[in-house]
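Enquirer: sharing a sequence plus its predicted fold:
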Amino acid sequence: MAVGFTDSRAKLQSKLRELGATQSDHPASASQITVNLAIARIDLEAAAFLLESLYAEHGYRVSRLDPSPASDVILVARQRGEAVGTLTLRADGPAGLRADESYGVELAGVRALGRRACELSRFAVAGNAAAIRALFGFAYRIVREVWESTDVFIEVNPRHVAFYRRVFGFAIAGGERTCARVLAPSVLLRLEVAAFEARNCAPGGRATSRSIGPPALN
């Protein structure tokens with residue numbers, strides 16, 4: 001059974017830790033990327049610093065990480081102990097998704113079909129192809145095994161749309177709007193979870209062979 005926004009935070013974290021424990025099955029090499037849930041203060045602060053630094057380089061405004069106890073999961077990727085990537089996941093629920101702010105009509109249409117939506121946001125990677133592969137691979141497992149979502153949404157800058165369509169297989173779900181969170185234009189993208197698995201998580205998937213793109217806008 002899926003663990004969702006109606007479950008306690010403790011139950012959700014327990015399930016996620018079970019998922020993350022598989023990463024410790026084999027000793028990591030010094031250069032290997034590891035992905036952890038950002039629960040401890042040191043991980044939350046590392047994720048926030050990386051996100052703010054990289055977004056600022058692109059001229060985006062972003063607030064400090066503000067996980068919702070019921071729906072947000074923050075991932076941090078590390079290499080040689082240094083944070084090299086972060087990604088925030090949000091399960092749909094009473095509070096909705098961040099994208100509802102600009103794309104409420106589009107998301108309402110998906111929900112009306114009985115689909116289970118979730119959202120990827122606040123994605124930033126410090127020029128590391130292995131980190132993007134690790135983050136999106138682990139995110140997929142949460143989306144599928146923990147939340148049992150059917151559709152993944154992400155808001156990106158219009159000039160980054162081609163990258164996300166080419167590398168991950170996202171499709172445009174909503175036209176260009178202004179994202180109030182970062183004061184920049186955005187486009188809503190959608191990816192069905194089944195396609196996410198087929199395209200990105202199989203050995204030799206496209207995400208394993210492409211270079212890192214710009215951070216998501218959100």
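Expert: In hand now; what should we look at?

Enquirer: surely residue 120 and residue 155 touch.
Expert: No: using CB atoms under 8 Å as the test, residue 120 is too far from residue 155 to be in contact (9.2 Å). Placement of C-beta: from N, CA and C, glycine included.

Enquirer: now residue 176: which helix or strand?
Expert: strand 171-179 (DSSP states H and E).

Enquirer: for that strand, buried residues please.
Expert: Neighbour counts using 16 or more other CB atoms under 10 Å place 173-174, 177, 179 of strand 171-179 among the buried residues.

Enquirer: residues contacting it, please?
Expert: For strand 171-179, contacts defined as CB atoms under 8 Å, 6 or more residues apart in numbering pick out 99, 101-103, 106, 110, 153, 155, 158, 161, 165, 184-191, 217-218.

Enquirer: one more time with 6 Å, if that's ok
Expert: Outside strand 171-179, the residues that touch it by CB atoms under 6 Å, 6 or more residues apart in numbering are 102-103, 106, 158, 185-188, 190.

Enquirer: compare these and tell me which has the most neighbours.
Expert: When neighbours are counted by other CB atoms under 10 Å, residue 186 leads the contacts of strand 171-179 with 28 neighbours.

Enquirer: pLDDT below threshold where in the chain?
Expert: 1-13, 15-17, 19-31, 61-71, 196-218 (pLDDT under 70).

Enquirer: can you give me the helices in it?
Expert: Per DSSP state H, the chain carries helices over the ranges 9-21, 41-57, 100-112, 129-141, 161-168, 193-196.

Enquirer: so can I have a markdown table of those showing distance to residue 77?
Expert: Formatted as a markdown table, the helices of the chain follow (distance: least, CB to CB, whole Å):
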| stretch | distance to residue 77 |
| --- | --- |
| helix 9-21 | 12 |
| helix 41-57 | 9 |
| helix 100-112 | 27 |
| helix 129-141 | 4 |
| helix 161-168 | 17 |
| helix 193-196 | 18 |
